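Visitor: need a structure here:
(chains A and B)
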Amino acid sequence: MNNLEWKIEQLPGEARLVVLSGAITEDADLRALASLDGAGALSFDLAGVDQINSCGVREWIHFVRRLAEADRSFEMVHCSPAIVRQLNTIANFRGTGRVRSVMLPYYCASCRGEVLRPMDLTPGASREIVDELPCPTCGGTMEFDDMPSTYVSFSS
Amino acid sequence: MSDPSTPPNQPASEPGSRARSVAFLSEDAEELAELVRGLRRAIGEVIVLQSLEQVGSLPPSSLVAVHYDARAPTDRNRLVSDFGSTAGGPTLLLLSEKRARHNFAQLFGSHVLTNMLVINGNAFNDNDLLVTVRKLRGGDIFGIEKYFAPGVETNRLRVSTTAEKNWALGTITEYAGVLGIPSRLRMLIRTVADEYLTNALYNAPVAADGTRKYSARPRNQPVALEPGETIDFRFCYDGQRFGISASDPFGSLEPVQVQDYLAKGFRAGEDQVSMGTGGAGLGFFQILDSLSHFVINLDRGRRTEMIGLVEVSGGYRNFAEAGKSFNIFVNQGTP
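Guide: Numbering: from 1, shown residues only, chains lettered A, B, ... in the order given. Next up, the predicted model:
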């Protein structure tokens, strides 16, 4: 199974970074993260979350609601394409959290290589999605592997 | 052009039940001319209608294909209100070249949408159209093989427990990886397989008195099906599309339930996700969102088969640009 895992890193001050990876499903128990002690802001790095099923969506919404009830501020960074899909289609998926950045997927049709590039969503940052990149594996052309016009529509 | 005869009053027909005559609704004779010619070669007579009013003169068992993109928004609304209010009328097959996603909430919510196919312009080159029409006209509805060329090998697993579901998910994900399918598409395949098997294990089983055996059980608590209740799980690949199917021996799914869950999912309102125990009410939405073509075959009280096809010939963008097809077929042939 591709179970959800996380590690917690202390940031300057009381803030903490939680790096999640794997799948968010009915087996993901996020209560421990919702009740992390301390008053500092939480950042969730979601670059490594590659799948969410329907029960996982519900677990995540329970999680962000618990954070809101605890008056805990949080942000989502490096949101993977799987997370971005949910942000675009599920009401209240981010709750009271702020999405600071997403990962842009690129695909090379020549060598089937895949690359993720971060995109900053903080106010003032450019929202332009570069459609093509050189492939680091074969030297061919990688194309942005989603719909450029709607990929970050949740943030508009 | 054929002149449709005045129909007698006939009993109500189910979405996707036997549809004997086939009609295309098109004001523009050239709009779907090649499609009509192709279908005529394959199945015989195809009637061409020039206005929505003529639909009312067709027998209720008819199948009416409509080029959805070509219709004006007001006409689309009329289509929804006319077909939505005439239960037991002709079966509607919407044909679309574009992504009709922004209309899904309305189409599913009105219970009009039981059949939508993505078409490639006017060209008759799509086996799925022929398979769909044949199934709607009363042919055998079951089997993932219909959507693939003869000779494509189908892998088959038997699933009876939650542990076997997890094993099957690992197997199909590994298989898609060996084929070189990009990671994002592999995760779509895994998601669909996950939702299919969860539905077949937890939602489908009914007791002799008709009550659902496990639907209220939290999905992280295991279930084990009785002997004879095993899920038949299949998957295959032809170089262009990846196919997945799960078949249960209960036939307990109701088409209107599927439509309501899909409408709720696409509306994206406060009720989108069920927050209690049991299912999240989001499975069908996640399935359709992850597929190029979602097919439900139902024989009430006997069998439900869900089929999913994912376009994997390119990357995720290729999949996303290709649009979505959807069908519910109800077998009316058994007593």
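Visitor: Distance of A:F154 relative to chain B?
Guide: 11 Å (C-beta to the nearest C-beta, to the nearest Å). Heads up, the C-betas are built off the backbone N, CA and C, glycines and all.
Visitor: How about that residue: what's its closest non-neighbour residue?
Guide: Counting by C-beta to C-beta, 6 or more residues apart in numbering or on different chains, A:L87 is the residue found nearest to A:F154 once chain neighbours are left out, at 4.2 Å.
Visitor: and the one you found, how many neighbours?
Guide: 18 (other C-beta atoms under 10 Å in any protein chain shown).
Visitor: and the worst-scoring helix or strand of chain A on mean pLDDT, is it in reach of chain B?
Guide: Across the helices and strands of chain A, mean pLDDT, DSSP states H and E gives its lowest value to helix A:31-34, namely a mean of 91. No - figure legend: helix A:31-34 not in contact with chain B (C-beta under 8 Å from any C-beta of the partner chain); closest approach 12.8 Å.
Visitor: And for that helix, what's in contact with it?
Guide: For helix A:31-34, contacts defined as C-beta atoms under 8 Å, 6 or more residues apart in numbering or on different chains pick out A:W6, A:V18, A:F63, A:R66, A:L67, A:A70, A:R72.
Visitor: leaving aside the residues next to it on the chain, what's closest to the fourth one?
Guide: With sequence-adjacent residues excluded and distances taken as C-beta to C-beta, 6+ apart, A:R66 is closest to A:A34, at 3.9 Å.
Visitor: what's the answer for B:R241, then?
Guide: Nearest one to B:R241, counting by C-beta to C-beta, 6+ apart, is B:L309 at 5.0 Å.
Visitor: give me the element that neighbour is part of.
Guide: Assessed by DSSP states H and E, B:L309 sits inside strand B:303-311.
Visitor: Now that strand - C-alpha only, PDB.
Guide: Listed next in PDB are the C-alpha coordinates belonging to strand B:303-311 (Å, rounded to 0.1, in the frame of the first residue of the first chain):
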ATOM      1  CA  ARG B 303     -25.200  -8.000 -11.600                       C
ATOM      2  CA  THR B 304     -23.600  -4.500 -11.600                       C
ATOM      3  CA  GLU B 305     -20.600  -4.000 -13.800                       C
ATOM      4  CA  MET B 306     -18.600  -0.800 -13.800                       C
ATOM      5  CA  ILE B 307     -16.200  -0.200 -16.700                       C
ATOM      6  CA  GLY B 308     -13.600   2.600 -16.900                       C
ATOM      7  CA  LEU B 309     -11.400   3.600 -19.900                       C
ATOM      8  CA  VAL B 310      -8.500   5.900 -19.500                       C
ATOM      9  CA  GLU B 311      -6.800   7.500 -22.500                       C
END
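Visitor: if we can go back for a sec, go ahead and confirm the residue nearest to B:R241 touches B:S245.
Guide: No - counting by C-beta atoms under 8 Å, B:L309 does not reach B:S245; the two are 9.6 Å apart.
Visitor: hmm, back to that, in the least confident helix or strand of chain A, what counts as buried?
Guide: Neighbour-count burial for helix A:31-34 flags A:L33, A:A34 (criterion: 16 or more other C-beta atoms under 10 Å in any protein chain shown).
Visitor: quick one: the helices in the chain?
Guide: If you meant another chain, say so; for now it's chain A. Listed in chain order, the helices of chain A (DSSP state H) span A:31-34, A:54-69, A:81-89.
Visitor: that's the wrong chain, I meant chain B
Guide: Taking DSSP H as the test, the helices found in chain B are B:33-43, B:73-85, B:104-109, B:127-136, B:162-178, B:183-198, B:255-267, B:283-289, B:316-321.
Visitor: Turn the ones you listed into CSV, columns for distance to chain A.
Guide: What follows is the helices of chain B, written out as CSV (distance: least, C-beta to the nearest C-beta, whole Å):
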stretch, distance to chain A
helix B:33-43, 27
helix B:73-85, 21
helix B:104-109, 11
helix B:127-136, 23
helix B:162-178, 5
helix B:183-198, 5
helix B:255-267, 8
helix B:283-289, 5
helix B:316-321, 5
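Visitor: Which pLDDT value belongs to the nearest residue to B:G269 once chain neighbours are set aside?
Guide: Distances taken as C-beta to C-beta, 6+ apart put A:A91 closest to B:G269, at 6.4 Å, once the chain neighbours are dropped. A:A91 is assigned 94 on the pLDDT scale.
Visitor: cool, and A:T141?
Guide: Listed pLDDT for A:T141 reads 97.
Visitor: In contact with it, which residues?
Guide: Contacts of A:T141 (C-beta under 8 Å, 6+ apart): A:C108, A:S110, A:E132, A:L133, A:P134, A:C135.
Visitor: neighbours around the closest residue to the fourth one other than its chain neighbours, how many?
Guide: Right, A:L133. Excluding the flanking residues, the one nearest A:L133 by C-beta to C-beta, 6+ apart is A:M142, at 4.6 Å. A:M142 has 26 neighbours, counted by other C-beta under 10 Å.
Visitor: just to revisit the earlier point, the contacts of A:T141, buried ones only, as a PyMOL selection?
Guide: Per 16+ other C-beta under 10 Å, the buried members of those correspond to this PyMOL selection:
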select buried, chain A and resi 108+135
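Visitor: so can I have JSON lines of the contacts of A:T141 showing pLDDT and distance to B:G276?
Guide: Shown next, in JSON lines, are the contacts of A:T141 (pLDDT from 0 to 100; distance: C-beta to C-beta, whole Å):
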{"residue": "A:C108", "pLDDT": "97", "distance to B:G276": "44"}
{"residue": "A:S110", "pLDDT": "95", "distance to B:G276": "48"}
{"residue": "A:E132", "pLDDT": "97", "distance to B:G276": "46"}
{"residue": "A:L133", "pLDDT": "97", "distance to B:G276": "45"}
{"residue": "A:P134", "pLDDT": "97", "distance to B:G276": "50"}
{"residue": "A:C135", "pLDDT": "97", "distance to B:G276": "47"}
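Visitor: The residue nearest to B:S160 when sequence neighbours are not counted: neighbouring residues, count only.
Guide: Distances taken as C-beta to C-beta, 6+ apart place B:L225 nearest to B:S160, at 4.5 Å, with adjacent residues excluded. For B:L225, the count of nearby residues is 22 (other C-beta under 10 Å).
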